[in-house]
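Enquirer: My questions are about this predicted structure, shown below with the sequence.
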Amino acid sequence: MANWSEFPLELLEMIAKRVTVMEDFIRFGVVCKSWGSAATKENFDVLVPQVPLLMLAAKGDDDYREFYSLSKRKISRRIFLPEARGKLCLPTQGWLFTVNYRAFTGEMTLLHPFSRVQIQLPPPTGLRDEESKRPYVTINHVVLSASPSVTTDYVLIICYGRPTYRLALWRPGDLCWTKIPTLEETYAYYHMIQYFNGQLYINKGRWLVSAIDIPEPSNPQPIVKQREVVQMVGLSNHTNQSAHFLIEVSGELLFVQQLMIVKDVANVSKTYKFRLFKIDAIKGEAEEIKSLGDKAIYVGCNASIAIDCSKFVGVKPNHIYFTYDWTRVYTEGDDSREIGAYNVEDETIEPLNQGISGFNIVSPAIWVTPSF
């Protein structure tokens with residue numbers, strides 16, 4: 001019988017390049033030393049969107065975090081991650097934006113959960129509202145234009161503050177945050193921000209989707225004007241509660257509405273339907289669509305992720321995988337902290353909470369895309 005450790009390197013590299021799932025690629029690399037020499041970043045297509053793992057809520061002050069695979073219905077990884085302990089973690093591009101509220105410093109970092117690499121971000125001192133007595137800045141949403149694992153040419157944009165929601169950006173090498181004032185009214189409520197085709201798209205005031213150009217590095221004090229893209233109509237329903245997401249799917253921008261029934265007595269919200277709208281930014285129109293085709297999307301706390309199911313096993317196409325949004329972590333009742341899979345075709349929901357335990361009000365369960 002041939003010794004697998006003696007396979008020619010050229011053959012091992014050919015095999016490695018055919019592995020599309022990052023977890024399998026990692027297992028490939030730990031078989032032995034020779035296989036590990038072929039399991040390099042150069043032999044893996046890092047641009048293929050991976051199936052997100054669910055980073056479960058922190059258990060007290062445990063320094064370990066568990067990552068749950070919905071396709072395998074089990075804990076796939078348990079990682080020593082003390083850098084995330086006691087912090088709010090918001091996922092973007094396979095990284096975690098962390099905020100230290102516990103120490104009341106508001107210290108912020110970018111943390112890669114699998115390598116534990118950290119990128120220190122400027123202190124929030126310049127972002128604090130002079131009228132606010134809080135020693136920290138409230139972070140609502142964050143978005144990276146690209147993964148720091150792939151390029152150094154990226155922008156990190158944050159939506160911060162309450163009750164007035166503001167925007168700021170940071171680029172590698174910047175010593176401080178750059179505020180992005182707008183020409184519109186000072187009070188604004190942003191539900192979701194999304195980087196798409198070089199612009200920042202904003203779900204503003206529930207029904208309005210706007211866009212702004214990202215200020216150039218040469219402009220230290222930018223003032224931008226929001227461009228109204230489309231006014232969503234026919235979405236409001238006073239008997240229901242809803243959450244909203246912006247997500248790029250196959251080069252198109254989708255507006256996703258998550259509809260929930262609110263039970264007044266128990267103060268519990270329960271998802272019963274999703275609606276999908278394709279946004280035409282040129283025409284300023286939104287068209288409702290009834291299918292995702294062979295794509296699946298993941299939404300939840302700061303998450304809007306789309307994958308091609310034809311490249312993976314165990315992921316259902318034309319489904320929306322969802323978990324509770326961080327803005328609802330204070331809702332009473334475990335039923336509000338739902339995790340499920342919505343079938344776009346027949347509008348049924350498969351609960352996925354079973355076997356997933358634990359809840360932490362500081363750092364709830366979030367979708368994290370595996371990456372190098």
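Expert: That came through, no problem. Numbers count the residues shown, from 1 in each chain.
Enquirer: What confidence value was assigned to the residue nearest to the spatial centre of the chain?
Expert: Nearest residue to the geometric centre of the chain (CA atoms, centre = their mean): Ala303, 2.7 Å. Ala303 carries a pLDDT value of 85.
Enquirer: check contacts around the closest residue in space to Asp61 that isn't next to it in sequence.
Expert: Spatial nearest neighbour of Asp61, excluding adjacent residues (CB to CB, 6 or more residues apart in numbering): Arg85 at 6.1 Å. For glycine as for every other residue, the C-beta is placed from the backbone atoms N, C-alpha and C. Counting by CB atoms under 8 Å, 6 or more residues apart in numbering, Arg85 touches 58, 61-63.
Enquirer: Buried ones among those residues?
Expert: Neighbour counting with 16 or more other CB atoms under 10 Å marks Ala58 as buried within the contacts of Arg85.
Enquirer: Among the contacts of Arg85, name the ones in strands.
Expert: Judged by DSSP state E, strands contain none of the contacts of Arg85.
Enquirer: can you list the domains in the chain?
Expert: According to automatic domain parsing, the chain comprises the domains 7-45, 46-368.
Enquirer: Mean pLDDT lowest where, among those?
Expert: domain 7-45 has the lowest average pLDDT among those, namely a mean of 69.
Enquirer: would TSV of the contacts of Arg85 with distance to Arg166 be doable?
Expert: Shown next, in TSV, are the contacts of Arg85 (distance: CB to CB, whole Å):
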residue	distance to Arg166
Ala58	28
Asp61	32
Asp62	34
Asp63	33
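Enquirer: Return the member of the contacts of Arg85 nearest to Gln194.
Expert: Ala58 (26.6 Å; CB to CB).
Enquirer: give me the element Lys273 is part of.
Expert: In this structure, Lys273 sits in strand 268-280 according to DSSP states H and E.
Enquirer: Show the contacting residues for Leu175.
Expert: Applying CB under 8 Å, 6+ apart, the residues near Leu175 are Pro122.
Enquirer: can you tell me how far it sits from Pro123?
Expert: Distance, Leu175 to Pro123, by CB to CB, to the nearest Å: 10 Å.
Enquirer: what do you get for Ile282?
Expert: Using CB to CB, Ile282 is found at 40 Å from Pro123.
Enquirer: Can you list the residue ranges for helices in the stretch 51-200 of the chain?
Expert: Secondary structure of the stretch 51-200 of the chain (DSSP state H, counting those that start in this stretch): no helices present.
Enquirer: Show me where it has its strands.
Expert: For the stretch 51-200 of the chain, the strands defined by DSSP state E, counting those that start in this stretch occupy 53-55, 64-69, 74-80, 88-92, 95-100, 107-111, 118-120, 139-144, 156-160, 166-170, 178-179, 190-196, 199-204.
Enquirer: And the stretch 201-350 of the chain, by the same measure?
Expert: Under DSSP E, counting those that start in this stretch, the stretch 201-350 of the chain gives strands at 208-213, 227-231, 240-249, 252-263, 268-280, 285-289, 295-300, 303-308, 319-323, 339-343, 348-351.
Enquirer: Is Val233 in contact with Phe255, as I believe?
Expert: No: between Val233 and Phe255 there is no contact under CB atoms under 8 Å: 11.8 Å.
Enquirer: So between those two, which is more surrounded?
Expert: Ranked by neighbour count (other CB atoms under 10 Å), Val233 and Phe255 place Phe255 first, with 25 against 8.
Enquirer: Thanks a lot, catch you later.
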